[in-house]
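Asker: give me a 3D structure for the following:
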Amino acid sequence: MSRPLDIRLCHVVPPLAHTCDDTAHRALAHPRITEERWWRRVRLPLVTGRIGAESVAAGLARLALERWEGHALGEVMPALYAAGERPSILATPVWRLREPVGAEAAHEYLRDLFLTVLDRLPREAVDREADGTTAARVERAPTTMPRRTDVPEQDRPSPERPTRSYVHELETHLSSDDERRRAVAVRRVFSRMPETLDSLGESFGVTRERIRQIHKQIREDLRARLKGPEGAFTAAHLRSLTTALGTATPLKAFWNLDPGHRHLIPSLGLPVGEILLALLPEHRVAGDWIVTGASASLAERFSEELSRRIVLPLHEATALLLDGGVPSEHTGAWLETLPRTRIMDGHLVLWGRNLPDKAFAVLSLAGRPLHFDELVERVGGDFNESGFRERVHGDERIVRRDRRLFGLRSWGGREYLGLEETIRRELERAGGEMAVSDLVERITGWFDVTENSIRAMASGSAFARPAPGRVALPGTVPDHATAPYRPKRTVERTRRCFRCPDGVWWLRVDLNGEHLRGSGFPIPSGFAAWIGMRPGHRLPVRIGDRDSVAAWKNQPLMNSIRPLLLAEEARVGDHAFITLAEGRLLCRVHRHDPAPADPLAHALSLAGLPDPVSGTEGLTLLTRAVGLPEATAPDHLLAHLADRGDHDLLSALTPTD
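Answerer: The predicted structure follows:
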């Protein structure tokens with residue numbers, strides 16, 4: 001009997017001897033082989049008899065890509081030299097094979113390459129009738145690689161590849177033993193990011209002019225071959241590609257057009273597809289697409305059409321693309337690449353950069369007014385709804401059709417301006433005065449506003465009441481009804497109001513986060529009346545470098561003082577003291593002291609006064625600050641503070657033991 005061939009996988013693949021056992025096990029493990037480190041201990045013919053050569057080849061391909069990428073192919077499996085593979089491809093590092101086509105295609109190529117050796121070794125077939133053990137008999141494996149129906153024709157190793165095809169033509173023409181010619185082809189002629197002439201020249205110790213000559217010669221040789229019979233298949237394939245690619249096609253689709261595109265040119269380590277992309281006369285790679293110059297004109301046409309119409313039905317957009325030469329199967333993908341557009345409800349929509357533009361697009365698509373909540377949902381994204389509402393209110397293209405209903409101004413219709421402004425507008429149309437019942441009937445017939453809301457607004461300080469059941473614009477009532485406003489509490493009796501030695505009254509505002517974020521805030525009636533405000537009127541105020549107003553509707557309100565707080569570097573908890581002088585709001589900030597050592601000093605700080613020189617002087621300053629004569633007794637001062645409601649000052653002046 002012949003002796004079984006005693007050869008292990010590590011004998012055929014030397015890098016296994018230096019590879020971690022756990023790493024090798026993860027790549028080569030198979031449920032039908034239970035022996036540990038079988039690649040060193042079990043005869044290779046027995047292994048291929050149990051699990052097949054393909055399983056072993058696939059595991060070796062994984063190891064080569066994961067752990068041996070710096071090895072040349074001939075170092076991974078030296079037997080490939082005897083299998084007839086070209087020395088140029090066997091000298092190529094594994095990483096060079098993976099880089100242009102990706103890991104998956106490189107894995108398939110390496111697996112098939114390793115099979116050219118493993119399939120020529122004998123196999124020991126498994127005898128399944130043995131009693132619980134694995135007996136073996138020697139069988140000679142076929143000497144040629146079996147035909148694989150799952151691998152595209154052009155991707156199979158050279159013994160199975162057709163002898164006449166565009167793949168064969170390119171491989172034959174580009175095969176070269178000239179290292180400089182191969183380098184110029186890979187790194188410049190067929191590269192999407194060509195290396196400079198100077199860099200290549202330095203690599204080989206020649207001038208940039210010599211590299212340019214080699215580059216030119218490669219291109220001229222290719223062009224000449226494509227015009228002759230030796231390049232007929234390639235020329236025909238390029239013509240078919242030009243037709244199939246159209247104006248624009250995804251790069252991924254190009255690789256799937258023909259299996260031969262993924263076949264590697266052994267001498268270059270490049271896939272055929274990269275060669276073809278460089279040879280296409282009209283197309284170029286732009287990102288993830290292959291395009292012609294006409295694609296830019298097509299994009300400009302869409303931009304012009306959308307800027308004019310905002311919304312374009314998809315069937316019209318698709319028709320434009322088909323007319324422009326984009327293949328039908330790629331029209332949807334092409335539309336998704338357009339900048340500042342979105343596909344919604346069967347339409348292509350111009351999607352602006354800011355929220356009002358997006359709201360305008362959503363309304364244009366809907367063709368009808370939308371409730372605010374629906375508008376927010378359709379615009380989508382993470383934004384502050386309050387800020388969104390304000391920005392939509394300020395856009396001239398969009399109008400409120402009701403309290404929470406928005407439409408386009410171009411549609412026409414009655415605009416809702418808010419309840420107060422709506423009442424004011426109707427009073428102006430009625431000559432300045434009308435019955436409240438008539439006002440209610442009109443407004444409820446137009447807008448979603450309750451009768452109680454209308455009556456409450458009409459009875460507020462923004463409007464005059466010339467007679468029971470009637471409402472009028474301010475200024476239409478008799479003079480005695482518009483006498484200067486007298487608050488219930490004068491500024492002297494108003495909490496948090498303090499007078500400086502020059503007689504100017506200041507209001508203390510205890511700052512919180514809303515103040516610092518720019519919110520307006522109510523102010524006491526006594527202080528509001530002192531600075532010149534009265535119910536139903538708006539007082540112009542200059543705050544920092546901008547004009548603003550202080551309005552008195554149901555209560556007096558001061559607009560945002562954030563610019564002044566920023567200038568003072570105010571923080572939450574600080575005390576801001578404000579007053580009005582010649583139409584300009586003044587502000588000074590006192591830092592908050594969380595643990596004051598002296599109660600009187602704390603009280604003076606709350607009143608916006610400096611620390612006293614002595615206790616008596618401090619009380620005198622505080623007495624004058626709340627509007628009392630200097631000779632006021634301390635008990636009278638405390639009673640006055642209690643009447644004003646300044647309980648924080650009382651606590652500071654009457655500390656508990």
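Asker: please make it C-alpha for all contacts and neighbour counts, starting now.
Answerer: Fine.
Asker: let's verify residue 576: helix, strand, or coil?
Answerer: Put simply, residue 576 is strand when judged by DSSP: H, G, I helix; E, B strand; the rest coil.
Asker: can I assume residue 451 is in contact with residue 444?
Answerer: Yes: contact criterion C-alpha atoms under 8 Å: residue 451 and residue 444 qualify, at 7.0 Å.
Asker: for stretch 599-606, what is the distance to the chain centroid?
Answerer: In terms of C-alpha atoms, centre = their mean, to the nearest Å, the gap separating the centre of stretch 599-606 from the centre of its chain is 52 Å.
Asker: contacts for it?
Answerer: Stretch 599-606 has contacts (C-alpha atoms under 8 Å, 6 or more residues apart in numbering) with 508, 575, 590, 593, 596, 610-612, 615, 618-619, 622, 648-649, 652-653, 655.
Asker: which residue ranges of the stretch 351-500 of the chain form helices?
Answerer: With DSSP state H, counting those that start in this stretch, the ranges of helices along the stretch 351-500 of the chain come out as 355-366, 372-379, 385-393, 419-429, 436-446, 451-458.
Asker: can I get those helices in a markdown table including mean pLDDT and mean neighbour count?
Answerer: Formatted as a markdown table, the entries for those read as follows, by pLDDT from 0 to 100; neighbours: other C-alpha atoms under 10 Å:
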| stretch | mean pLDDT | mean neighbour count |
| --- | --- | --- |
| helix 355-366 | 94 | 21 |
| helix 372-379 | 93 | 15 |
| helix 385-393 | 87 | 14 |
| helix 419-429 | 91 | 16 |
| helix 436-446 | 92 | 15 |
| helix 451-458 | 88 | 15 |
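Asker: quick one on the thing from earlier: quick one, which of the contacts of stretch 599-606 are buried?
Answerer: For the contacts of stretch 599-606, burial is judged from neighbour counts taken by 16 or more other C-alpha atoms under 10 Å, and it is met by 508, 575, 590, 611-612, 618-619, 622, 649, 652-653.
Asker: so what does the most centrally placed residue in the chain look like in phi/psi?
Answerer: By C-alpha atoms, centre = their mean, the mean C-alpha position of the chain lies nearest to residue 381, the distance being 10.2 Å. For residue 381, the backbone dihedrals are phi 100, psi 170 (criterion: degrees, to the nearest 10).
Asker: rounded mean pLDDT for stretch 276-292, please.
Answerer: If you average the pLDDT over stretch 276-292, you get 93.
Asker: span of that stretch from start to end?
Answerer: The distance separating the two terminal residues of stretch 276-292, taken as C-alpha to C-alpha, to the nearest Å, comes to 15 Å.
Asker: domain ranges for the protein?
Answerer: Per the record, the chain has its domains at 9-146, 166-291, 419-482, 491-653, by automatic domain parsing.
Asker: picking that back up, can you check which of the helices of the stretch 351-500 of the chain gets nearest to residue 537?
Answerer: In this view, those are compared for proximity to residue 537 by C-alpha to C-alpha, and helix 419-429 is the closest at 12.8 Å.
Asker: okay, now the unreliable bits of the stretch 551-657 of the chain?
Answerer: 611-614, 655-657 (pLDDT under 70).
Asker: could I get the full set of strands for it?
Answerer: Using DSSP state E, counting those that start in this stretch, the strands of the stretch 551-657 of the chain run over residues 556-558, 575-581, 584-590.
Asker: dump the ones you listed to JSON lines, plus distance to residue 544.
Answerer: As requested, the strands of the stretch 551-657 of the chain are arranged in JSON lines below (distance: least, C-alpha to C-alpha, whole Å):
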{"stretch": "strand 556-558", "distance to residue 544": "14"}
{"stretch": "strand 575-581", "distance to residue 544": "12"}
{"stretch": "strand 584-590", "distance to residue 544": "8"}
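Asker: any idea how far the nearest residue to residue 13 once chain neighbours are set aside lies from residue 101?
Answerer: Nearest-residue entry for residue 13: residue 77, 5.0 Å, with adjacent residues in sequence omitted and distances by C-alpha to C-alpha, 6 or more residues apart in numbering. According to C-alpha to C-alpha, residue 77 stands 22 Å off from residue 101.
Asker: next: residue 53.
Answerer: 25 Å.
Asker: distance to residue 305 added to the buried ones among the contacts of stretch 599-606, as TSV?
Answerer: What follows is the buried ones among the contacts of stretch 599-606, written out as TSV (distance: C-alpha to C-alpha, whole Å):
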residue	distance to residue 305
508	58
575	57
590	59
611	71
612	74
618	75
619	76
622	72
649	69
652	71
653	74
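Asker: out of these, which is nearest to residue 263?
Answerer: Distances from the buried ones among the contacts of stretch 599-606 to residue 263 were compared by C-alpha to C-alpha; the smallest belongs to residue 575, at 76.6 Å.
Asker: what residues sit buried inside stretch 61-78?
Answerer: Of the residues in stretch 61-78, those buried under the neighbour-count criterion (16+ other C-alpha under 10 Å) are 61-65, 68-78.
Asker: can you confirm residue 508 is in a strand?
Answerer: Yes: when classified by three-state DSSP, residue 508 is found to be part of a strand.
Asker: tell me the pLDDT of it.
Answerer: As summarised for this prediction, residue 508 has a pLDDT of 96.
Asker: beta partners for it?
Answerer: With DSSP bridges as the criterion, the beta-bridge partners of residue 508 are residue 577.
Asker: was I right to think it contacts residue 494?
Answerer: No: with the criterion set as C-alpha under 8 Å, residue 508 and residue 494 do not qualify as a contacting pair; they are 11.0 Å apart.
Asker: nothing else from me, thank you.
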